[in-house]
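Student: Model the structure of this input:
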Amino acid sequence: MTDWFARPVLHVNDVEASLRFYVNRLGFTSPWRYDEDGRAHVAQVDRQGCALILADTWPEKIGKGLMFISLNVEPATPEGTIAALDALRAELEAKGVPVKEGSWGYRLLVVGDPDGNQLFFNYPNETASGKTVRAET
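Tutor: Presented below is the predicted three-dimensional model:
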């Protein structure tokens with residue numbers, strides 16, 4: 001059997017600036033990067049099994065990314081997941097990261113990066129009003 005491993009690409013203006021945001025504020029690590037002419041053009045960031053590629057290669061796609069991230073919590077209970085999301089929110093807000101409430105038919109925690117790409121974290125078994133994908137302001 002073959003396992004697949006996905007690493008979505010988020011398009012950014014400046015890979016160096018994005019690396020600082022993802023590593024210093026969101027708690028990711030960066031296992032590799034591709035530099036050319038003295039600056040990074042592509043890099044990977046990882047956190048707890050979530051891997052993302054940051055790239056400046058297609059300027060027309062900058063800020064249009066949306067990443068849906070689920071937290072796997074042991075034991076797998078709605079209460080445990082909610083507690084983990086609350087802890088994540090507190091961690092990010094303590095680092096000055098704006099965290100918003102959102103909905104996609106259910107409640108979301110929404111984090112935007114400096115380029116406008118969004119990370120969606122879902123709350124289990126919690127419905128929210130509204131049917132569109134959007135961050136509440």
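
Student: Go ahead and flag the most central residue of this structure.
Tutor: Among the residues of the chain, residue 119 comes closest to the average C-alpha position under CA atoms, centre = their mean, at 3.5 Å.

Student: Next, work out how far apart that residue and residue 25 are.
Tutor: Computed with CB to CB, to the nearest Å, the distance linking residue 119 and residue 25 is 12 Å. C-beta here means a position set from N, CA and C on the backbone, and glycine is covered the same way.

Student: Residue 88 now?
Tutor: According to CB to CB, residue 88 stands 12 Å off from residue 25.

Student: what does residue 10 give?
Tutor: Residue 10 sits at a distance of 15 Å from residue 25 (criterion: CB to CB).

Student: okay, now the spatially closest residue to residue 113 that is not a sequence neighbour: neighbour count?
Tutor: If you skip the residues right next to it in sequence, residue 113 has residue 21 as its closest partner in space, 5.9 Å away by CB to CB, 6 or more residues apart in numbering. For residue 21, the count of nearby residues is 18 (other CB atoms under 10 Å).
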